[in-house]
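>>> Sequence unavailable; structure follows:
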């Protein structure tokens, strides 16, 4: 027996113990929830409350349908859901057909209490392409055929949002330990432990329109602060206040642009103090004042971890501000610290508890913000675990299997709410992970602790493009890679040059890394003059390329803020009607007018570049013009990254004009 019901602008279906609700959730968008429990949880998670929108509900004996703008969902008497365009009737997405003794479109396996292992299955389309899903190391732009664990890890950012080449977007609105299988035989979304199915579907005529709907639903990124579009200097690590001042003064002496200096970990007495060690940082206020006078912002690394020896530990433990374990000791990560020096077992605060968020922000407010520091680097915010047993974690709001992917989102909320309460309007935080909606808290993401190799550089291009298509417009990498980079070798110096050139055209521009030789806590020098005069001359050149492009970059950041358009995107985003543009995964558009073709292979001094049709393209270095719709062989000596200007653009990549 089944039943359809139109209620409060939504369509509901019940069959057996299952209840399904489909309702308008923004322009051309529908939200689907399903459960076998007595009621829905009422949690919106990544989704913001939508603007009021009208829907049309049609109920017949054997089926029903609901329409919101250009999106239509039909549901059969057996409960199978199909999505299509209401204006063109083109099919978009449909659950698998219900068959007796076959896996159902929606499957629930009871775990304990109201928790279920859930799977949702959709029909395959052989030519469909999938983009988004956060940031991953597999090196694929089109993720058709991949199995993606939607679990937060160092280098792996789980954002369960897909942009499909069939003209729809799909958000799996579930923070559980999840997985998506994008197989040729079908698509399957899996949640290890959840109380309900919750997903959101939208459509549009172009990728840009779909991304705009997604930004409306999950939140728009703030406008990037003007200073953040410049160059960020970092290393592992500056040990003292005097080191930071020496480096920044040298940048000024050389006449080099510098916007941000980064103070990395171990500046603290121990983890969980959220303060400077006074022995190494005797007067942070004076340091910040001097740097502000030079136009340089200070960013400080803040970890969510708490050493059991920290003076805050007992206070937090007694009030339930720490994550706890279901079994065994409550420490969840062995890591080195300063006091006691060496290996300790680290705890993490619980950002799902509002009181814990307030407590951590108050410590950071008192020890950093009130000293003039307003930019925070939220490292290790997955949280990092060893062993990675999320099911053994207990949050204030549930078991880690059910809510574990939310940690970075809630941690970012800690700092966003704290800074907003202090009246700050320019908010940006650099994070190692994210979740849908993190962008509305001013979260920027970098690609984590990656190795210094050309094959890793190659993976950064699709990683950056996919996270941009996941709603995070502010993204960067550690230029040169984070680890295993030895400036004494010619191979690394070449890699650094190629990575620096690529980084010049990324949304954020940050030089960071643990250079060899290192003792694990302190790497070799990593400033632009640290790699020899030949390399320095090239890096200096690109510092000024970035400076000249900053007005253009800020225009793209405004588009990201207002429209949800990522500044760094695949060619097909701007040329969706060109089949050739969908095939390219090692070039990208930086805004609408710059095509960038980075050099990603050791020893390469030229490469093939595809130029999309519908435009003429000008080599940004030589002024030579090319007709689009063809490949050109671009020269790429070590000091050149192939860059092309779209017809009508006069961007100052090269000094002077053509």
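Arrived safely, thanks for sending. Please read all numbers here as calculations on a predicted model, not as lab measurements.

>>> Please enumerate the helices of the chain.
When secondary structure is read from DSSP state H, the chain shows helices at 207-218, 241-253, 284-293, 313-318, 354-367, 400-403, 407-421, 454-468, 490-504, 533-563, 571-574.

>>> want to try CSV for those, with mean pLDDT and mean neighbour count as columns?
Every residue, glycine included, has its C-beta placed from N, CA and C. As requested, those are exported to CSV (pLDDT from 0 to 100; neighbours: other C-beta atoms under 10 Å):
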stretch, mean pLDDT, mean neighbour count
helix 207-218, 98, 23
helix 241-253, 98, 16
helix 284-293, 98, 16
helix 313-318, 97, 14
helix 354-367, 98, 18
helix 400-403, 96, 24
helix 407-421, 98, 22
helix 454-468, 98, 23
helix 490-504, 98, 21
helix 533-563, 98, 17
helix 571-574, 98, 23
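
>>> so which of those gets nearest residue 436?
helix 207-218 (5.0 Å; C-beta to C-beta).

>>> So what touches the closest one?
25-29, 46-48, 50-51, 161, 163, 167-169, 171, 200, 202-204, 221, 436-437, 439-440, 469, 471, 563-566, 572-573, 576 (C-beta atoms under 8 Å, 6 or more residues apart in numbering).

>>> Go through these and flag which are in strands.
Counted as lying in strands by DSSP state E, out of these, are 29, 161, 163, 168-169, 171, 200, 202-203.

>>> List just the nearest of the residues you listed to residue 259.
Nearest to residue 259 among the ones in strands among the contacts of helix 207-218, counting by C-beta to C-beta, is residue 161 at 30.1 Å.

>>> who's in contact with that closest one?
132-134, 169-172, 214, 436, 470-471.

>>> Just put these in CSV and tack on distance to residue 77.
As requested, those are exported to CSV (distance: C-beta to C-beta, whole Å):
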residue, distance to residue 77
132, 33
133, 33
134, 37
169, 28
170, 24
171, 27
172, 26
214, 32
436, 33
470, 36
471, 36
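
>>> circling back to that earlier point, take the ones in strands among the contacts of helix 207-218 and lay them out in CSV including pLDDT.
As requested, the ones in strands among the contacts of helix 207-218 are arranged in CSV below (pLDDT from 0 to 100):
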residue, pLDDT
29, 98
161, 98
163, 98
168, 98
169, 98
171, 98
200, 98
202, 98
203, 98
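
>>> Can you check which of the helices of the chain gets nearest to residue 446?
helix 454-468 (9.9 Å).

>>> the strands in the stretch 1-150 of the chain, which residues?
2-7, 10-15, 18-24, 29-35, 56-59, 63-68, 71-76, 81-85, 91-94, 106-110, 116-122, 130-135, 147-150 (DSSP state E, counting those that start in this stretch).

>>> For residue 226, which of those strands is the nearest?
strand 130-135 (25.7 Å).

>>> Mind listing the strands that closest one pairs with, and their directions?
strand 157-164 (antiparallel) (DSSP bridges).

>>> Now the buried members of the contacts of residue 161.
Neighbour-count burial (16 or more other C-beta atoms under 10 Å) is assigned, among the contacts of residue 161, to 132-134, 169-172, 214, 436, 470-471.

>>> ok so, going back, output the strands of the stretch 1-150 of the chain in CSV, with distance to residue 424 appended to each entry.
As requested, those are exported to CSV (distance: least, C-beta to C-beta, whole Å):
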stretch, distance to residue 424
strand 2-7, 42
strand 10-15, 38
strand 18-24, 35
strand 29-35, 31
strand 56-59, 44
strand 63-68, 36
strand 71-76, 38
strand 81-85, 41
strand 91-94, 41
strand 106-110, 44
strand 116-122, 40
strand 130-135, 27
strand 147-150, 32
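
>>> picking up where we left off before, pick the one among the ones in strands among the contacts of helix 207-218 closest to residue 458.
Using C-beta to C-beta, the ones in strands among the contacts of helix 207-218 come closest to residue 458 at residue 163, 22.0 Å.

>>> Thought residue 467 was touching that closest one, still the case?
No: if you go by C-beta atoms under 8 Å, residue 163 and residue 467 don't touch, sitting 11.9 Å apart.

>>> Quickly list what the closest residue to residue 368 other than its chain neighbours is bridged to.
The shortest distance from residue 368 to any non-neighbouring residue, by C-beta to C-beta, 6 or more residues apart in numbering, is to residue 300 (5.6 Å). Following DSSP bridges, residue 300 is listed with bridge partners residue 263, residue 376.

>>> Surely residue 300 touches residue 379?
No: with contact defined as C-beta under 8 Å, residue 300 does not reach residue 379; the gap is 10.5 Å.

>>> Look at these two and report which has more neighbours.
Neighbours were counted for residue 300 and for residue 379 using other C-beta atoms under 10 Å; residue 300 has more, 25 against 22.

>>> What is the neighbour count of residue 432?
25.

>>> residue contacts, it?
Residues counted as contacts of residue 432 (C-beta under 8 Å, 6+ apart) are 154, 157, 378-382, 408, 445-446, 448.

>>> ok, 6 Å please
By C-beta atoms under 6 Å, 6 or more residues apart in numbering, the contact set of residue 432 is 379, 381, 448.

>>> And the pLDDT for it?
With respect to pLDDT, residue 432 scores 98.

>>> cool, and residue 42?
Looking at residue 42, its pLDDT stands at 96.

>>> measure it to residue 21 for me?
Applying C-beta to C-beta, to the nearest Å, the value for residue 42 to residue 21 is 12 Å.

>>> Of the two, which one has the most company?
residue 21 (20 against 7).

>>> Where does the prediction get shaky in this structure?
For the chain, the stretches flagged by pLDDT under 70 are 1-2, 657-658.

>>> Looks like residue 493 contacts residue 531 (just checking).
Yes: counting by C-beta atoms under 6 Å, residue 493 does reach residue 531; the two are 5.4 Å apart.

>>> Domain ranges for the protein, per the record?
2-203, 225-427, 568-646 (automatic domain parsing).

>>> Reformat these as CSV; add distance to residue 511.
Shown next, in CSV, are the domains of the chain (distance: least, C-beta to C-beta, whole Å):
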stretch, distance to residue 511
domain 2-203, 19
domain 225-427, 6
domain 568-646, 16
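
>>> Let me know which of these is the nearest to residue 652.
For residue 652, the closest of the domains of the chain is domain 568-646, at 9.3 Å, according to C-beta to C-beta.

>>> that older thread, to residue 516, which of the domains of the chain lies closest?
Among the domains of the chain, domain 225-427 sits nearest to residue 516 (C-beta to C-beta), with 10.9 Å.

>>> Quick one: closest of the strands of the stretch 1-150 of the chain to residue 187.
Relative to residue 187, the nearest member of the strands of the stretch 1-150 of the chain by C-beta to C-beta is strand 116-122, separated by 4.4 Å.

>>> Show me what the closest one is in contact with.
93, 95-96, 105-110, 186-191, 194, 197.

>>> Cool, thanks, signing off.
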